[in-house]
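A.B. asks: just the structure for this:
(one chain, ligands or ions: 1)
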Amino acid sequence: MSLRRQKQILIAGGAGFLGSHLCDRLLSDGAEVTCIDNFLTGQLEYLTFARREPRFELIEADVVSPLPTKLTRRRFDQIYNLACAASPPIYQAQPEHTLLTSVIGTLHLARLAESCGARLLLTSTSEVYGDPEMHPQREDYWGHVNCTGPRACYDEGKRAAETLCFDLDRLSRLEIRVARIFNTYGPRLRAEDGRVVSTVIAQSLAGAPITIFGDGRQTRSFCYVDDLVDGLARLMAYDGRQPGPVNLGNPSEHTILELVEMVRKATGSSSAVVRRPLPEDDPKRRRPDISKAGALLGWRPATALGEGLRRTIEWFESRRLLVARAVAPDVGSTTRGDSPNRSAAA
Ligand code: NAD
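C.D. replies: Okay, here's the model as predicted:
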């Protein structure tokens, strides 16, 4: 029998798209995992595998509020902060809460990490580069962000959270890792949450017109969720000197039109395309330079877009009713994230 103590890991935002995959991965690696989530976008259903594990604990709480004593009394080795809705219509519906989630939420988690000597990994975002003037984006690019626009609550919240982490690191109060995540997709994206891959798949499967914003020539780089989660785990495990922010994403760049064509083909859909104006501050190009992640972590994404889309479409197909409901009310519109996630999923 092994006497080695299992790693104690806290995942804030562990019921969401990326967080739930991370819970599954870390439990499979043998860790004891605690998840804290307010279920703004998280779904109990995503934790089906995790909740069968005695090494898993779920705490419902908001990281903007002081953390429950049940948590602050515990000792963790690692804390992952994924808490923050990533879908634009959802984070823009409650901008004040979005900003506070990144800033105050990260402060609360950082204090917990400091008190128990845990390493803290912040999931930052490619949005810190804004509408970038440098292409592809490297970590030493400072970004081109509008601090008063509708995306600022998310972008600036993440930038401030990064600042806090790097300041606490400079003061030697905390060991930190910061991942700048680029568009990630896969099973457990919600049909109605307004992200491009899930929206295009849902509309194609429902036979509804596919919404394209602008001329569709803007580019994105899409990373499959398993690859991304592997990158997060590697970054957390990295024991060298604090490496600064690290881009995690897939450098293979596609226009939105290309994505739509791939999804239409894969779903056999003959959906027409409807065009809408480009939202304010929407970035025109996005592509990560991942040479730093390659050199430090030996990481690069392994899943081609075609294969990742096939797996994602399969998952959406198994939920056709939910997909149809999500698309039905107004084609191309998105909901505001106030659905009763827990009761719907329980
Ligand atoms: P998601 O919306 O699916 O998950 C976010 C989770 O955080 C949800 O479970 C939500 O309920 C929870 N949450 C939100 N506010 C909270 C609060 N105040 N207190 C407690 N829990 C809260 O998003 P995701 O795609 O899984 O993203 C996870 C993290 O990765 C986010 O921080 C996001 O900014 C970052 N990120 C994601 C992407 C991507 O493409 N998925 C890209 C860049 C950055």
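
A.B. asks: so which residues make contact with the helix or strand where residue 106 lies?
C.D. replies: Taking DSSP states H and E as the criterion, residue 106 maps to helix 95-116. Residues from elsewhere that reach helix 95-116 (CB atoms under 8 Å, 6 or more residues apart in numbering): 10, 12, 62-64, 66-67, 71-72, 74-76, 79, 81, 83-85, 91-92, 118-120, 122, 150, 153-154, 156-158, 160-161, 164-165, 168, 173-175. Heads up, the C-betas are built off the backbone N, CA and C, glycines and all.

A.B. asks: pLDDT on it, on average?
C.D. replies: The average pLDDT within helix 95-116 is 98.

A.B. asks: how about the residues of this protein near the ligand?
C.D. replies: Counting by CB under 6 Å from any ligand atom, the chain comes close to the ligand at 13, 15-19, 37-42, 62-64, 82-87, 101, 105, 123, 125, 181, 183-184.

A.B. asks: if we can go back for a sec, buried among the contacts of helix 95-116? Need that as a selection in PyMOL.
C.D. replies: The command below creates a PyMOL selection of those among these that count as buried (16 or more other CB atoms under 10 Å):
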select buried, resi 10+12+62+63+64+67+71+76+79+81+83+84+85+91+92+118+119+120+122+153+154+156+157+158+161+164+165+168+174+175
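
A.B. asks: quick one: the helix holding residue 106 to chain centroid distance?
C.D. replies: Relative to the chain's own centre, helix 95-116 is displaced by 17 Å; criterion: CA atoms, centre = their mean, to the nearest Å.

A.B. asks: repeat for stretch 159-179
C.D. replies: Stretch 159-179 sits 19 Å away from the centroid of its parent chain (CA atoms, centre = their mean).

A.B. asks: how about stretch 151-168?
C.D. replies: Its chain's C-alpha centre and that of stretch 151-168 lie 15 Å apart, by CA atoms, centre = their mean.

A.B. asks: can you pull out the helices in this protein?
C.D. replies: For the chain, helices defined by DSSP state H occupy the ranges 17-28, 48-51, 69-72, 88-93, 95-116, 152-170, 196-206, 225-237, 256-267, 291-297, 305-317, 320-327, 341-345.

A.B. asks: where does the prediction get shaky in the protein?
C.D. replies: Across the chain, the ranges flagged by pLDDT under 70 are 1-3, 321-326, 328-346.

A.B. asks: mind listing what the residue in it that the ligand sits nearest to touches?
C.D. replies: Closest to the ligand within the chain is residue 16: 2.1 Å, counting by CB to the nearest ligand atom. Neighbour list for residue 16: 37, 41, 42, 43, 46, 82, 85, 86 [criterion: CB under 8 Å, 6+ apart].

A.B. asks: picking that back up, list the buried residues in the helix holding residue 106.
C.D. replies: For helix 95-116, the neighbour count (16+ other CB under 10 Å) marks 97-113, 116 as buried.

A.B. asks: one more: stretch 168-186?
C.D. replies: 168-169, 174-186.

A.B. asks: now swap in stretch 268-284 and tell me
C.D. replies: 269, 271, 281, 283.

A.B. asks: out of those, which two sit at the greatest distance?
C.D. replies: The distance between the two most remote of the buried residues of stretch 268-284 (CB to CB) is 30.0 Å, for 269 and 281.

A.B. asks: any chance you could list what contacts stretch 234-243?
C.D. replies: Here stretch 234-243 makes contact (CB under 8 Å, 6+ apart) with 78, 80, 119, 121, 169, 175-177, 179, 246, 248, 292-293, 296-299.

A.B. asks: looking at the residues you listed, which are in strands?
C.D. replies: Using DSSP state E, the subset of those located in strands is 78, 80, 119, 121, 175, 176, 177, 179, 246, 248.

A.B. asks: quick check: chain neighbours aside, which residue is closest to residue 62?
C.D. replies: Among residues not flanking residue 62 along the chain, residue 38 sits closest, at 4.1 Å (CB to CB, 6 or more residues apart in numbering).

A.B. asks: the nearest residue to residue 12 once chain neighbours are set aside and residue 259, how far apart?
C.D. replies: Take residue 12 and drop its neighbours on the chain: the residue closest to it by CB to CB, 6+ apart is residue 83, 4.0 Å away. Counting by CB to CB, to the nearest Å, the gap from residue 83 to residue 259 is 28 Å.

A.B. asks: repeat for residue 143
C.D. replies: 24 Å.

A.B. asks: list the buried ones in stretch 246-255?
C.D. replies: 246, 247, 248, 249, 250, 251, 253, 254.
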